[in-house]
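J.: Quick one, fold the following:
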Amino acid sequence: MQRLAACFCLVAGGVVLCAADAQAQQQSPTVSVMVVSKNANCSGGTNHRLPCARDCDCPGGTCASALAAPTTTISGRGGDRFVLEFYAKEWSPSASAEALSNWQVQLERSVLASGLRGTLDVRTGFRCCMPRPFFNSSYECQDISTANGCSNPNGIGICRVQNLEEVAGVYIERYREDYALFPDSEVAAIDISSNLFIRWSSTLASDRDADIFTLNDPPKYLASLALEASDDACGVFQIDLTSGFGNTALFDVLQPITPLSLEGATIDLGSCDCKEFLASVPDNCTVDARQPTDISGVATQTIDAVTVTLDCSCDQSNSVAASQFLTTASPSGAQAPTVVSANVVSCDGTTSDVLVTFSGPLEEQAWSCLRYQRFPLSPISDPVCFGILPADVGGDSLTEISDLSNLVDCLGNPAVTCSLEQCDLDRSGTCTPADILRVIDLLKGAAAFMVWEGEGILDGTGAPVPCPATP
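T.: Got it, this is the predicted structure:
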């Protein structure tokens, strides 16, 4: 039992395999992540139409739509279900005494959010053959081998713990004939307690070693993970392991064996449809406090176009159209703007900037809001809103003498950051002391300006209307 104390170590990292008496290897081992099923369900038997990974999960039936062979690359879309398995393979040690005695797999949870949008979530209620409670509220699903391949000792094919809760899709099928430590007596553990990683590990409980797996042998199974893509998931999810001591490593009891090759899996969930606004110019909930006309009162100078950043790549934004942008205005009675054009001005692999042009200037003393809807039945994005209220430097939907103090802070207080819409009152292109004179002109109605002091974006009771969108 001395080997158990030396080998069994749940340390922060990726994959740990331990061997005895390491010497020079003729072929370094590889730890591989493979996808073995996609949207597989039981056909017939006790668990008809329930999710599965292999036939063992379907007593009296078969696991339909399981992949013909494990793969490192697969495509899909949001909502799809996948089962991943971890394997050790292609090891040809030169010393006859070398053999596998301990392994550990650790997967960083961050890789489950490595796509452009959404996540790959650990499935709950996943079906396998038998639970084995260990520590940290985690369980092993044990696939009991029989002459027919596997059996179902609890009669229902659902992994359940003592309180009848279904187990999460993190498991080890310890009695598979291709399991790396089959059929030896060993101590296995699963740890799903951390929000940073998922961990599987097993160590021989005796002082002997399991059979080695050489270059020409089939891969040796280590552990399984059942995942489900969130409905909004898209982009490429790269399921990689990390090398190095304490991460992905092989050990000869106390001494790491190097090198170790790693092979990840790629789950491609396709391009992301345009769905949400990530940013806008002007910023969401900006109040344009600048003069509404030139000083002679002739040329109207309010916002008639905005730029929004959508959460989609070039191949999706090339079909953006004006009809996909929805507009509203508040308070009640305000005129919503009409979008006349929407043109992509820049894009990359993840985002697209779109210039949205309105039929005319946005209405004064109102909030004008913009939403995006890809198709008539698609979800509607959260809004971005823009207010028009000359002299409202503070952006609180009211014009008061205090806006003069707000402008002084914009110009002289390093801790205060103001946009051009707030502090460039004369529309010169920069915020300068001359804007102090212009805010006074606006508040008091100098030149061709109306008296803006006491005005606001107000509801029917005279109360200021806040920005309808969360900035």
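
J.: Report the separation between T399 and C431.
T.: Distance from T399 to C431, counting by C-beta to C-beta, to the nearest Å: 18 Å. (C-beta placed from N, C-alpha, C; glycine too.)

J.: go on, L204?
T.: Taking C-beta to C-beta, one finds L204 at 72 Å from C431.

J.: who's more crowded, the two?
T.: Using other C-beta atoms under 10 Å as the criterion, L204 and C431 rank with L204 on top: 25 against 18.

J.: Report the beta-bridge partners for the more buried one.
T.: With DSSP bridges as the criterion, L204 is bridged to E186.

J.: I figured it hits S101, correct?
T.: Yes. Using C-beta atoms under 8 Å, L204 is in contact with S101, at 4.9 Å.

J.: List the buried residues of stretch 381-401.
T.: By neighbour count on 16 or more other C-beta atoms under 10 Å, the buried set for stretch 381-401 is 381, 383-400.

J.: now do stretch 281-297
T.: If you call a residue buried by 16+ other C-beta under 10 Å, then stretch 281-297 has these buried ones: P282, N284, C285, T286, V287, D288, A289, R290, Q291, P292, T293.

J.: Report the secondary structure state of the second one.
T.: Assigned state for N284: coil (three-state reduction, DSSP: H, G, I helix; E, B strand; the rest coil).

J.: In terms of helices and strands, where is D315?
T.: Counting by DSSP states H and E, the element that carries D315 is helix 314-317.

J.: what's the spacing between that helix and its chain's center?
T.: 20 Å (C-alpha atoms, centre = their mean, to the nearest Å).

J.: which other helices and strands contact it?
T.: Under the contact criterion of 3 or more C-beta pairs under 8 Å, 6 or more residues apart in numbering; DSSP states H and E, helix 314-317 touches strand 339-347, strand 352-358.

J.: Partner strands of the helix or strand just after that helix and their direction?
T.: Per DSSP H and E, helix 314-317 leads on to strand 325-330 as the next helix or strand towards the C-terminus. Counting by DSSP bridges, the strands paired with strand 325-330 are strand 366-372 (antiparallel).

J.: Can you mark which positions in the strand it pairs with are buried?
T.: A366, W367, S368, C369, L370, R371, Y372.

J.: can the residues you listed go into TSV with extra columns for pLDDT?
T.: Putting the buried residues of strand 366-372 into TSV (pLDDT from 0 to 100) gives the following:
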residue	pLDDT
A366	98
W367	98
S368	98
C369	98
L370	97
R371	97
Y372	96
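
J.: Output stretch 449-461 in PDB, but only the C-alpha positions, please.
T.: What follows is stretch 449-461, C-alpha atoms only, in PDB (Å, rounded to 0.1, in the frame of the first residue of the first chain):
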ATOM      1  CA  PHE A 449     -31.900  79.600 -28.500                       C
ATOM      2  CA  MET A 450     -35.100  79.000 -26.500                       C
ATOM      3  CA  VAL A 451     -34.900  79.100 -22.700                       C
ATOM      4  CA  TRP A 452     -33.900  75.600 -21.800                       C
ATOM      5  CA  GLU A 453     -33.700  76.100 -18.000                       C
ATOM      6  CA  GLY A 454     -36.500  74.100 -16.400                       C
ATOM      7  CA  GLU A 455     -37.200  71.900 -19.500                       C
ATOM      8  CA  GLY A 456     -36.700  68.200 -19.500                       C
ATOM      9  CA  ILE A 457     -37.700  64.800 -20.800                       C
ATOM     10  CA  LEU A 458     -40.900  64.600 -18.700                       C
ATOM     11  CA  ASP A 459     -43.800  62.300 -18.300                       C
ATOM     12  CA  GLY A 460     -47.400  63.400 -18.100                       C
ATOM     13  CA  THR A 461     -47.000  64.400 -14.400                       C
END
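
J.: which residues does D392 contact?
T.: Counting by C-beta atoms under 8 Å, 6 or more residues apart in numbering, D392 touches V287, A289, L398, T399, D403, G456.

J.: Which of those fall within helices?
T.: The members of those that map onto helices under DSSP state H are D403.

J.: okay, now C52: neighbour count?
T.: By other C-beta under 10 Å, the residues close to C52 number 29.

J.: ugh, typo on my part, it should be P433
T.: 10.

J.: Quick check: it touching L411?
T.: Yes. Under the contact definition of C-beta under 8 Å, P433 touches L411, with a separation of 6.5 Å.

J.: before we move on, the earlier item: a markdown table for the buried residues of strand 366-372, including distance to F325?
T.: A markdown table is the format used below for the buried residues of strand 366-372 (distance: C-beta to C-beta, whole Å):
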| residue | distance to F325 |
| --- | --- |
| A366 | 18 |
| W367 | 16 |
| S368 | 12 |
| C369 | 11 |
| L370 | 6 |
| R371 | 7 |
| Y372 | 6 |
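
J.: Out of those, the closest to S230 would be?
T.: Closest to S230 out of those is Y372 (19.9 Å), distances taken as C-beta to C-beta.

J.: quick one: contacts for that closest one?
T.: Neighbours of Y372 in contact, by C-beta under 8 Å, 6+ apart: C274, K275, E276, F277, V308, L310, Q324, F325, L326, I380, S381.

J.: try 6 Å
T.: By C-beta atoms under 6 Å, 6 or more residues apart in numbering, the contact set of Y372 is F325, S381.
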